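Engineer: Sequence unavailable; structure follows:
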């Protein structure tokens, strides 16, 4: 599995974990600060590492921004769910959360096509 596909898998796994916890399918407590922080997940650490390897590039900047927005909206969904506003949290999950997740994945795919080799 190349690094971009692993990054997409890491993002997808995290996304599913958050959605499952909000939906009540998995037991566990979510720390809103951790969810909102874009450097607490595998993809966030990967982006930081890529920044060191690639420097500032448009594609990486775009990915970083979508990823940051994704975490902000995920944190909002978690806050709502913890307050008991499950319907509002679900609206976010079905809307902006899903859209931003798609943008993150599309950004990773675009980077994968433009980048020949990254260790």
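Structural biologist: That came through fine. Remember, it's a predicted structure, so these values are computed and weren't measured experimentally.

Engineer: Outside of the helix or strand of the chain with the lowest mean pLDDT itself, list whatever touches it.
Structural biologist: Ranked by mean pLDDT, DSSP states H and E, the weakest helix or strand in the chain is helix 3-23, scoring a mean of 83. Outside helix 3-23, the residues that touch it by Cβ atoms under 8 Å, 6 or more residues apart in numbering are 1, 26, 28, 30, 35, 41-43, 46, 74, 77-78, 81, 86, 89-90, 93, 97, 101, 104-105, 108-109, 111-112, 115, 118. Backbone N, C-alpha and C define where each C-beta goes, glycine included.

Engineer: Take the residues you listed and, keeping just the buried ones, write it as a PyMOL select command.
Structural biologist: Command for PyMOL that selects the buried part of the contacts of helix 3-23, burial taken from 16 or more other Cβ atoms under 10 Å:
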select buried, resi 30+35+41+43+46+74+77+78+81+89+90+93+97+101+104+105+108+111+112+115
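
Engineer: Which of the contacts of helix 3-23 fall in helices?
Structural biologist: The helices, defined by DSSP state H, take in 35, 42-43, 46, 74, 77-78, 81, 86, 89-90, 101, 104-105, 108-109, 111-112 from these.

Engineer: circling back: identify each buried residue in the least confident helix or strand of the chain, please.
Structural biologist: Here helix 3-23 shows 3-4, 7-8, 10-11, 14-15, 18-19, 21-22 as buried, counting by 16+ other Cβ under 10 Å.

Engineer: Show me what the mean pLDDT comes to for the helix or strand encompassing residue 60.
Structural biologist: Assigned by DSSP states H and E, residue 60 falls within helix 58-83. In this model, helix 58-83 carries a mean pLDDT of 92.

Engineer: could you check the angle helix 3-23 makes with that helix?
Structural biologist: 10 degrees (axes from the mean of the first three to the mean of the last three Cα atoms, to 10 degrees).

Engineer: Which other helices and strands does helix 58-83 contact?
Structural biologist: Of the remaining helices and strands, those touching helix 58-83 by 3 or more Cβ pairs under 8 Å, 6 or more residues apart in numbering; DSSP states H and E are helix 3-23, helix 32-36, helix 42-54, helix 86-92, helix 98-114.
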